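Participant: okay, here's the prediction I keep looking at, along with the sequence it came from:
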Amino acid sequence: DTGVSQDPRHKITKRGQNVTFRCDPISEHNRLYWYRQTLGQGPEFLTYFQNEAQLEKSRLLSDRFSAERPKGSFSTLEIQRTEQGDSAMYLCASSLSAWGSVFGPGTRLTVT
Amino acid sequence: QKEVEQNSGPLSVPEGAIASLNCTYSDRGSQSFFWYRQYSGKSPELIMSIYSNGDKEDGRFTAQLNKASQYVSLLIRDSQPSDSATYLCAVNRAGGFKTIFGAGTRLFVKA
């Protein structure tokens, strides 16, 4: 296992389109996080899964964002009706406990 | 007031010096504290975690936690040009899953 992987690494989409990102965590990690990061800012928490259960979701997220983690393995993050303000780096991270997370390389989204 | 605050920098230190990075947090219920390093164009990498008051050392890195003052710091001894990066402070609340990150401090180590 070489770490957390994310796909795609880059995505350019037109405003109003839907996009879906995938994250494959480290296999033995039961915790999975999604974050969003813009230039000059730290990662902003979006949502958290423990196994397949989504236990917390940021109140900052609108209903356009949804995430799933079927069977407690990989996770997907979908953004519907994308807006220019959604342009950011979307980071996935996983951990085995509360001891800190391993981040994936991120998916850079550009909404034109 | 931001939940986790850091000086954005840049903090510039000469090679071989000690770099001191500071972070304050607002939630007294916070119990887990982390320092991540992020190189330009890369994702964050965990370098230190600390859970109880006092110091924790790992190689050239020392994390310091003072819960009464709601203050976390990171010391980097014998700073190297390869330490030049943005350092992110992150905090977890007790019983919570949400990790709050500061905006990061940019460190520049001059050769």
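Facilitator: Alright, I've got the coordinates.
Participant: neighbours around the nearest residue to residue A:70 once chain neighbours are set aside, how many?
Facilitator: Using Cβ to Cβ, 6 or more residues apart in numbering or on different chains and skipping the chain neighbours, the partner closest in space to residue A:70 is residue A:52 (6.5 Å). Quick note: C-beta positions are derived from backbone N, CA and C, even for glycine. By the criterion of other Cβ atoms under 10 Å in any protein chain shown, residue A:52 has 14 neighbours.
Participant: which ones are touching residue A:52?
Facilitator: Counting by Cβ atoms under 8 Å, 6 or more residues apart in numbering or on different chains, residue A:52 touches A:69, A:70, A:71, A:72.
Participant: now those residues: which count as buried?
Facilitator: Neighbour-count burial (16 or more other Cβ atoms under 10 Å in any protein chain shown) applied to the contacts of residue A:52 gives residue A:69.
Participant: tell me the one among the contacts of residue A:52 nearest to chain B.
Facilitator: Closest approach to chain B among the contacts of residue A:52 (Cβ to the nearest Cβ): residue A:69, at 13.4 Å.
Participant: count of residues packed around the residue in chain B that chain A sits nearest to?
Facilitator: Closest contact between chain B and chain A, by Cβ to the nearest Cβ, is at residue B:101 (3.2 Å). Residues near residue B:101, counting by other Cβ under 10 Å, number 23.
Participant: and the one 3 residues further on, by the same measure?
Facilitator: Each residue near residue B:104 was counted by other Cβ under 10 Å, and the total is 26.
Participant: contact partners for it?
Facilitator: Residue B:104 touches A:41, A:42, B:6, B:8, B:38, B:86, B:87, B:88, B:89, counting by Cβ under 8 Å, 6+ apart.
Participant: what residues are bridge-paired with the most centrally placed residue in chain A?
Facilitator: Computing the C-alpha centroid of chain A and ranking residues by Cα atoms, centre = their mean puts residue A:34 first, at 3.5 Å. Counting by DSSP bridges, residue A:34 is bridged to residue A:47, residue A:92.
Participant: quick check: it vs residue A:8, distance?
Facilitator: For residue A:34, the distance to residue A:8 equals 15 Å [Cβ to Cβ, to the nearest Å].
Participant: all strands of chain A, in order?
Facilitator: A:5-7, A:10-13, A:19-24, A:31-37, A:44-50, A:53-57, A:65-68, A:75-79, A:88-95, A:102-103, A:107-111 (DSSP state E).
Participant: and for chain B?
Facilitator: According to DSSP E, the strands that chain B contains are B:4-6, B:11-14, B:19-25, B:30-38, B:45-50, B:54-58, B:61-66, B:71-76, B:85-93, B:99-101, B:105-110.
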